[in-house]
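# For reference, the sequence and a predicted model appear below.
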Amino acid sequence: MAEERVESSSSQLQIPIDSQWRRETNCPWTLRDFRFGVGVRPESAGGSFICIMKAPQYISENPAGLIESRETRVRPVFADAYVIGLKYGHHARHSGYSGFTRHVAAVVGMPFRFRWLSGRLGPLLDGFAAMLTGRPRVSLALLLMEMTTKLHMRSRRNTLYHVLHGDTDFSGRCRRVPFESRRRHLDVLSRGSRRTGNWIVATFHKPPSILCESVPERSVIRRLDAAILISEAQREYFDGLLAPEQIHVVHHGIDTDFFKPSSSVVDAPLCVTAGSYLRDFRCLADAMRIVWRVNPEVRLVAVGTRRYGDKYLRELGTERVEFLDGVSDETLRAAYQRARVAIFAFEDSTANNSLLEAMACGLPIVCTDVGGVKEYAGDDAYVPCPPQDAGALARGVLRVLDDAGLEGRLREASRARALAHDYRVVAAEMREVYAEVIAWSAARASRNGPSAQKRR
């Protein structure tokens, strides 16, 4: 197909929109002759993209519910994509959620890099910010992030803002304080985008069982242009809050160039587990005791398990368990590469950094089958076990260690599944979601009239 070229009104650059970026979308109707594409603008820092669509004034809804263009003109809509978020200090540099942004969007510069301040005064300043806003989980860095982003929005139009951690950085119940006496919800970012004519989307990470606590005010979600989920297991929570076309699932990513299988053969019967959030350490400890009754030579490496308490693992002692905390990415990778099995006992899960890290290193996975685990591991990259079943976990570990053929198949499948979640793959999916958000918003505006944008 011949390639079209569209000129940027701001830079006069010609941007090719070829068949790679053409597709039809189903939001909010079956759109016919409604084309859009995504491409990074060469002169940007990776944060700009273009959405090609029929001019809204030439679109109307026919009785069949289809949108058809009356003329063949296309209107280029140039938009910048900015991500908003602060890093969690315990996340690895090569596996945190924000890794995909290197390939898709620019970052709003923040006064602080991490969400919690360190040093002697850090907790005091964070506590003061929490007291000031009435939100117990807010920190000084998060408060300044909101202010910085709002100022950024005021000088932008046709800009999409992506809040990376919507369930922790985006909302919260606000007590009545003197300068907030007329407002109960401190949702600065959604209000800011609505007033400046920009778009705002947010990613939510928590499982449905916790979302009710982390996002107590559902009205905040309704003001979003779209919600991005990291697991289909979360969708039910958002149904009814947003239109189906405003709910997107884009999986968590991983740096598969950094996390990769070992180049040497691993023979020692070594298991590895990592992370502490939503972990069932009692079940994991009981599983290891069962394993040791059958094979006392098995060893366990536990990485970063102290953060939420791992007293059950500590009770196992240090003779057959090696504890690693506060380690570098290189040490973390080495722990995966010298193991033969990764074992995880989850209480719940959507996406999980540790699971993706282990898969990227080509490890067989033995874990509890909850939440979104199967979405990431598929049918062939892990040994699924029922929740709170220490015996099933133990049998899975022993089976992998005793069956070289099974171990090899699981290793190949794990690495293949991880490659499908490489940051570059996730970035390409995210670009399409950004374009769909703009396309759907334009279609909604054409249906509802000029006031639709003001009512967002």
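Received it, and whenever you're ready, just let me know what you need.

# Please count neighbours and contacts with C-alpha atoms only from this point.
Fine.

# Could you pick out the longest helix of this structure?
If you go by DSSP state H, the chain has its longest helix at helix 423-448.

# same for it, what does it pack against?
Applying 3 or more C-alpha pairs under 8 Å, 6 or more residues apart in numbering; DSSP states H and E, one finds that helix 423-448 contacts strand 48-53, strand 59-61, helix 451-455.

# Pull up the per-residue confidence for residue 18.
For residue 18, the pLDDT comes out at 32.

# So which residues of the stretch 101-250 of the chain form helices?
Per DSSP state H, counting those that start in this stretch, the stretch 101-250 of the chain carries helices over the ranges 122-133, 140-154, 166-169, 188-196, 208-214, 218-222, 235-238.

# ok, now the stretch 301-450 of the chain?
311-314, 329-337, 353-360, 373-377, 390-402, 404-419, 423-448.

# Turn these into a markdown table, columns for mean neighbour count and distance to residue 199.
Below are these laid out as a markdown table (neighbours: other C-alpha atoms under 10 Å; distance: least, C-alpha to C-alpha, whole Å):
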| stretch | mean neighbour count | distance to residue 199 |
| --- | --- | --- |
| helix 311-314 | 16 | 45 |
| helix 329-337 | 19 | 35 |
| helix 353-360 | 27 | 28 |
| helix 373-377 | 20 | 29 |
| helix 390-402 | 20 | 45 |
| helix 404-419 | 19 | 31 |
| helix 423-448 | 20 | 8 |
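
# among those helices, which is nearest residue 107?
Proximity to residue 107 (C-alpha to C-alpha) singles out helix 423-448 among the helices of the stretch 301-450 of the chain, at 14.1 Å.

# pull the CA atoms of stretch 396-405 into CSV?
This file holds the C-alpha atoms of stretch 396-405, laid out as CSV (Å, rounded to 0.1, in the frame of the first residue of the first chain):
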residue,chain,number,x,y,z
GLY,A,396,6.2,-29.1,42.1
VAL,A,397,9.7,-28.3,43.2
LEU,A,398,10.7,-31.9,43.6
ARG,A,399,9.2,-32.9,40.3
VAL,A,400,11.1,-30.2,38.4
LEU,A,401,14.4,-31.1,40.1
ASP,A,402,13.9,-34.8,39.4
ASP,A,403,12.8,-34.5,35.7
ALA,A,404,15.4,-32.9,33.4
GLY,A,405,13.0,-33.0,30.5
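
# Quick one: residues in contact with that stretch.
269, 291, 340, 341, 343, 364, 366, 383, 385, 406, 407 (C-alpha atoms under 8 Å, 6 or more residues apart in numbering).

# quick one: average pLDDT of that stretch?
The pLDDT scores in stretch 396-405 average 97.

# do stretch 222-231 as well
Stretch 222-231 comes out at a mean pLDDT of 92.

# same thing with stretch 329-347?
Average pLDDT, stretch 329-347: 96.

# Contacts made by stretch 218-230 with the rest, please.
Contacts for stretch 218-230 (C-alpha under 8 Å, 6+ apart): 171, 187, 190, 199-205, 235, 241-242, 246-252, 350-351, 437, 441, 456.

# First-to-last residue distance for it?
End-to-end distance of stretch 218-230 (C-alpha to C-alpha, to the nearest Å): 19 Å.

# just stretch 326-342 next, same as before
19 Å.

# With stretch 242-259 instead?
Start-to-end, stretch 242-259 (C-alpha to C-alpha) is 36 Å.

# So which bits of that stretch are buried?
Using 16 or more other C-alpha atoms under 10 Å as the test for burial, stretch 242-259 gives 242, 245-256, 258-259.

# List just the nearest of those residues to residue 335.
Using C-alpha to C-alpha, these come closest to residue 335 at residue 259, 11.0 Å.

# what's the average pLDDT for stretch 293-311?
Stretch 293-311 comes out with an average pLDDT of 90.

# ok, of the contacts of stretch 396-405, which come out buried?
Buried members of those, counted by 16+ other C-alpha under 10 Å: 269, 291, 340, 341, 343, 364, 366, 383, 385, 407.

# Residue 271 is in contact with the fourth one, correct?
Yes: Residue 341 is in contact with residue 271 according to C-alpha atoms under 8 Å; the separation is 4.8 Å.

# Just put the helices of the stretch 301-450 of the chain in JSON lines and tack on distance to residue 277.
Shown next, in JSON lines, are those (distance: least, C-alpha to C-alpha, whole Å):
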{"stretch": "helix 311-314", "distance to residue 277": "14"}
{"stretch": "helix 329-337", "distance to residue 277": "17"}
{"stretch": "helix 353-360", "distance to residue 277": "10"}
{"stretch": "helix 373-377", "distance to residue 277": "15"}
{"stretch": "helix 390-402", "distance to residue 277": "18"}
{"stretch": "helix 404-419", "distance to residue 277": "21"}
{"stretch": "helix 423-448", "distance to residue 277": "23"}
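
# Which one, of those helices, ends up nearest to residue 278?
helix 353-360 (12.1 Å).

# Report the angle between that closest one and helix 329-337.
60 degrees (axes from the mean of the first three to the mean of the last three C-alpha atoms, to 10 degrees).

# contact partners of helix 353-360?
The contact list for helix 353-360 (C-alpha under 8 Å, 6+ apart) reads 95-96, 253-254, 256, 259-261, 273-275, 333, 336, 342, 365, 376, 411, 414-415, 417-419.

# Nothing else from me, thank you.
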